[in-house]
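**Q** Have a look; sequence and predicted model below, questions after that.
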Amino acid sequence: MKVHLMLTCLADTFFGRVGTATVRVLEHAGFEVEFPPRQTCCGQPAYNSGDSRTAIDMASHTIKVFESAEVVVTPSGSCAAMVTHGYQRLGAPMLPPVYELTAFLDKFASNTIWSGFKEPKQIALHESCHGRAVGAGAAHQRVLSTVPNLTILPLAEPEQCCGFGGTFSTDRPLTSQLIGLRKLECLTTTGAKTVVSGDLGCLMHLDGLARREGVSLEFLHVSEVLSSAI
Amino acid sequence: MNRFEAFVEQLPQAARQSVSGACRRVSDARAVTLAEVFEDLDAARGQAAATKDVVLSDLESYVERFAKKCSDNGATVFRAKDAAEANTVISTLCARHSAPGDVIVKAKSMVSEEIGLNEHLASEGYNVVETDLGEFVIQLDHDTPSHIVAPIIHKDRYDVARTFHKNGLGPYSDSPEILAEQARSYLRNKFQQAAIGISGVNFGIVDSGRLVIVENEGNNRLSTTAPNVHIAVMGIEKLLPSDSDVPLFLKLLVGSATGQRAPVYTHFVSRPRVAGEVDGPSHVYIVLLDNGRSRVANGPYRSVLRCVRCGACMNVCPVYRQSSGHAYAEVYSGPIGAVLNPALKGPEAAGDIAKNSTLCGMCEVVCPVMIPIPDLLVQAREDLAKVSPGLKATSGLAVVGRKLWLWNLVRRFATFAFWFPNPWTERKEAPRRDKEDFRAWWSTHRHRAGSRPATATQARTERPSEPGPARGTDALWSMFNDRLVQLGGKIATWADVEELPDRSWCVESSLELPMLFDAASPWKATTGFVVGAVAVAETGSVLLRHGSKSRRLASLAPPHCVVVIPEGQIVETLAEGLANLGENAVLVTGPSRTADIEGILVKGVHGPKELWIVRSS
């Protein structure tokens, strides 16, 4: 099966390694990957702030970029939710099916063999909120549970948001920070040194807070964990 | 800094901890109870949502049918198009049945907060006393509720202790039990003095013209039983089509609100007292408030009117947990308030309240009537953007995002944006850009695809639902007993009753006790005896029907209540228990209780502290 990669604007702009890891993981699982170069941003920042005009412009652009795709895979629960549910609500539905990375692997490549880690690796998993809406949180759990020598430690208040919320983090920066600090507290309490999530927005926010607070935690995207377990 | 953030900044850490701690505890209790109560919770939520939508899609005709049925039952119904009309109707009724300066007891009602009823009645000279423990504290403090279910969630026991002490309710104590006791003794006189009781309504049943009111403390029952006049105020969206909808909504409402299987008291009000009855109000007035609801029912926000005011969306909301309800500066706060205010008032008047959300979506996940709150928040933000002049912060995206050369340029220089002072770097470190650029890597990447064929997923097995075996009477009583004990009540025998040390009793006239007793007024008696109609095993509840021989206060005013249930009168489900409600009735589920102070459960507030059930052969 050939899949079209929707990279996401954050991976495109800041976190190239996540794009690379995603391609490696998909290819390891047996898929041919295509990357349409004209893709940019799905329009979620505009959508979430009520700027539906800009959101519709970006939806039309994105729909055109992926119009020839059979299936679209993205390393983000948030973008997957936007192009499925958000576009639907804007009256601009995306035709090819769109999957968050692990939800896709869980559905079409659940018997993929991962070499795993040489040393036992313990992680805390932060399930992103928008990922929950597209089944990504449960899929992270299922896919990561097939990786040898990897343990997901129990996390308190797993359903709670990290506080990023896109434009919320600039509209309500203090509240955003307070929510994030609570999340860091829960993550630190697990005892894990590595925090894994399927959304770069959460990771960027939590990593920025942790570095400012002097909390030493490593933040990895789920694709990076899988890529290093190939 | 905007108003919301300014509030959050000055909020004391202790208040933030009270709020988030209580929210966590109630959210956890909700999850446990609903998983136990419903085999398929989503199906139940879907059914509740669909039931509400039936009413909301034809609201006016349901309101008319309900009003007619209530009038036929003997209640007097008023319709108020806005807050001013509702307040005028209520103060006119107060003038008819009492005089300025008189005590009016009031049970907790969010709609009365919405219309500013207390302020209005105070301005007319009435002495309105809030009787719910939390609302009573709010009134003494001249504060406002910060949560629709737990009004003093932002206060701790020491705050309450200082308030009670300052107001002369008793010697200083920070024990929630003693504080509840102080409120009980202070307010008992008020119930007896008041000529009028005012309450809200949880559900209005269209087919039967019945009001359903739920509570835990007993103050609502006292407010609507002891005075001669009951004025009920309700939003017109509170309607349900028929009595058979009640069990589902009851379970969803209280499971979501407090994690209980049933509220301690569910009372069913269908008519005023009739000749021959011992107590209960002779006049029942129902005020149906529109205040923008008809308009909302015909627009994009219709589903917000499904709301049953359980507060689950607040408890689970990460923003609410850090900010408390007062940050929203509205009567209805939290996620539901962030939608309800723009829906009812319009985008200009409601301001940017809808921005107080990360759109995490947990509110929708926990909503018992599946209100798509995140979508409605986006809708409210869109409506606000339409009336806000000027360019949007995100407008540039449509330019940059559709020209690849421009996009690449912005990508390259994106980190520069963090060099200047901005809300991000004020509180956290800027993101570090990877050395590896994906597009550069991709252009040299050689495909190794096709190495392994994709496979289908394994079929996942669902947890099978087990149909329960039909249960015999003994099994049902045993189930009932387990629930009742959990709630703090007990199944007693006549021998237990005979050993009661203090025989100042108040007994329903239909009950012939096999032992001597001293008749006392309900307010003086230490124990009240009543006959129950039926026991419900799944919730540990007993249904008391109010007829000509019943004495409602006997089950309510004395600190100890004994309910006698005929041996065979037990059913398994709430639906069976409520199938034959009769006219006025109350479903009692355990002793009176409150968790208003720090979410700590205190047994016995306004209603009985002890509840015994006697099986009578």
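**A** All right, it came through fine. Numbers count the residues shown, from 1 in each chain, chains lettered A, B, ... in the order given.

**Q** quick one, longest helix in chain B?
**A** Ranked by residue count and defined by DSSP state H, the top helix of chain B is helix B:13-37.

**Q** and the angle for the helix or strand just after that one with helix B:13-37?
**A** Using DSSP states H and E, the helix or strand that follows helix B:13-37 in sequence is helix B:41-56. Calculated by axes from the mean of the first three to the mean of the last three C-alpha atoms, to 10 degrees, helix B:41-56 forms an angle of 100 degrees with helix B:13-37.

**Q** Quickly find the element holding A:His4.
**A** Element membership of A:His4 [criterion: DSSP H and E] is strand A:2-5.

**Q** Could I get the buried residue list for that strand?
**A** A:3-5 (16 or more other C-beta atoms under 10 Å in any protein chain shown). (Glycine included, C-beta is placed from N, CA and C.)

**Q** The helix or strand just after it packs against which elements?
**A** Once strand A:2-5 ends, the next helix or strand along the chain (criterion: DSSP H and E) is helix A:9-13. With contacts defined as 3 or more C-beta pairs under 8 Å, 6 or more residues apart in numbering or on different chains; DSSP states H and E, the packing partners of helix A:9-13 are helix A:16-28, helix A:200-213, helix B:404-413, helix B:438-444.

**Q** can I get those in a markdown table with mean neighbour count?
**A** Formatted as a markdown table, these follow (neighbours: other C-beta atoms under 10 Å in any protein chain shown):
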| stretch | mean neighbour count |
| --- | --- |
| helix A:16-28 | 24 |
| helix A:200-213 | 23 |
| helix B:404-413 | 14 |
| helix B:438-444 | 14 |
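
**Q** Quick check: pLDDT value at the residue nearest to B:Phe438 when sequence neighbours are not counted.
**A** Spatial nearest neighbour of B:Phe438, excluding adjacent residues (C-beta to C-beta, 6 or more residues apart in numbering or on different chains): A:Gly19 at 3.2 Å. pLDDT recorded at A:Gly19 is 96.

**Q** My read is that A:Gly19 contacts A:Asp12, right?
**A** Yes: contact criterion C-beta atoms under 8 Å: A:Gly19 and A:Asp12 qualify, at 7.2 Å.

**Q** Can you check which residues contact both of the two?
**A** Both A:Gly19 and A:Asp12 are contacted by B:Phe438, under the criterion C-beta atoms under 8 Å, 6 or more residues apart in numbering or on different chains.

**Q** what ranges do the strands span in the stretch 101-250 of chain B?
**A** Per DSSP state E, counting those that start in this stretch, the stretch 101-250 of chain B carries strands over the ranges B:103-106, B:127-130, B:196-199, B:203-205, B:210-215, B:229-235, B:239-240.

**Q** Let me know which of those strands is tucked in deepest.
**A** strand B:196-199 (a mean of 28; mean count of other C-beta atoms under 10 Å in any protein chain shown).

**Q** Please work out the average pLDDT along that strand.
**A** Mean predicted confidence for strand B:196-199 is 97.

**Q** which outside residues touch it?
**A** So strand B:196-199 is contacted by B:90, B:93-94, B:97-98, B:102, B:104-107, B:109, B:112, B:117, B:128, B:213, B:220, B:222-233, B:281 (C-beta under 8 Å, 6+ apart).

**Q** hmm, try it at 6 Å
**A** Strand B:196-199 is contacted from outside by B:94, B:97-98, B:104-107, B:213, B:220, B:223-224, B:227, B:229-232, using C-beta atoms under 6 Å, 6 or more residues apart in numbering or on different chains.

**Q** pLDDT-wise, what's the bottom of those residues?
**A** Lowest pLDDT of the contacts of strand B:196-199: B:Ser98, 92.

**Q** List the contacts of that residue.
**A** Contacts of B:Ser98 by C-beta under 6 Å, 6+ apart are B:195-196.

**Q** Against chain A, how distant is it?
**A** According to C-beta to the nearest C-beta, to the nearest Å, B:Ser98 and chain A sit 46 Å apart.

**Q** Going toward the C-terminus from the helix or strand of chain B with the lowest mean pLDDT, what's the next helix or strand?
**A** Lowest by mean pLDDT, DSSP states H and E among the helices and strands of chain B is strand B:518-519, with a mean of 74. Once the chain leaves strand B:518-519, the next helix or strand it forms, by DSSP H and E, is strand B:527-531.

**Q** Show me what that next one is packed up against.
**A** Packing contacts for strand B:527-531, counted by 3 or more C-beta pairs under 6 Å, 6 or more residues apart in numbering or on different chains; DSSP states H and E, involve strand B:504-507, strand B:560-566.

**Q** Quick check: which of the ones you listed is nearest to B:Gly200?
**A** The closest of the helices and strands packed on strand B:527-531 to B:Gly200 is strand B:560-566. By C-beta to C-beta, the value is 24.4 Å.

**Q** ok, that closest one: who's next to it in the sheet?
**A** Strand partners for strand B:560-566, identified by DSSP bridges, are recorded as strand B:527-531 (parallel), strand B:610-616 (parallel).

**Q** I'd like the average pLDDT over the helix or strand that comes right after the first one.
**A** Downstream of strand B:527-531, the next assigned helix or strand under DSSP H and E is strand B:534-536. Average pLDDT, strand B:534-536: 95.

**Q** which helices and strands does strand B:534-536 pack with?
**A** Here strand B:534-536 touches helix B:574-577, going by 3+ C-beta pairs under 6 Å, 6+ apart.

**Q** same for the helix it packs on, what does it pack against?
**A** If contacts are counted by 3+ C-beta pairs under 6 Å, 6+ apart, helix B:574-577 sits against strand B:534-536.

**Q** partners of the strand it packs on, with directions?
**A** For strand B:534-536, pairing defined by DSSP bridges yields strand B:541-545 (antiparallel), strand B:570-571 (parallel).

**Q** Reformat those strands as a markdown table; add mean neighbour count.
**A** Formatted as a markdown table, the strands paired with strand B:534-536 follow (neighbours: other C-beta under 10 Å):
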| stretch | mean neighbour count |
| --- | --- |
| strand B:541-545 | 26 |
| strand B:570-571 | 22 |
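
**Q** Could you pull up the residues touching B:Leu487?
**A** B:540, B:590.

**Q** Any idea how far the helix ranked longest in chain A is from the middle of the chain?
**A** With secondary structure taken from DSSP H, chain A has its longest helix at helix A:173-189. From the chain centre to the centre of helix A:173-189 is a distance of 19 Å (C-alpha atoms, centre = their mean, to the nearest Å).

**Q** Give me the angle between that helix and helix A:200-213.
**A** 80 degrees.

**Q** In helix A:173-189, which residues are buried?
**A** A:173-184, A:187-188.

**Q** Buried ones in the helix or strand containing B:Met479, by neighbour count?
**A** Taking DSSP H and E as the definition, one finds B:Met479 inside helix B:473-487. For helix B:473-487, the neighbour count (16+ other C-beta under 10 Å) marks B:476-477, B:479-481, B:483-484, B:487 as buried.

**Q** Over to stretch B:241-253?
**A** Of the residues in stretch B:241-253, B:241, B:243, B:245-253 count as buried by neighbour count, 16+ other C-beta under 10 Å.

**Q** got a list of what B:Val586 touches?
**A** B:Val586 makes contact with B:265, B:267, B:544, according to C-beta under 6 Å, 6+ apart.

**Q** got the contact list for the last one?
**A** If you count contacts by C-beta under 6 Å, 6+ apart, B:Leu544 has them with B:530, B:532, B:555, B:586.

**Q** Quick check, the third one in contact with B:Phe529.
**A** Right, the one you point to is B:Ser555. No: taking C-beta atoms under 6 Å as the definition, B:Ser555 is not a contact partner of B:Phe529, at 8.7 Å.

**Q** Give me the helices and strands touching the longest strand along chain A, please.
**A** The longest strand of chain A (DSSP state E) is strand A:121-126. If you count contacts as 3+ C-beta pairs under 6 Å, 6+ apart, strand A:121-126 packs onto strand A:150-152, strand A:194-197.
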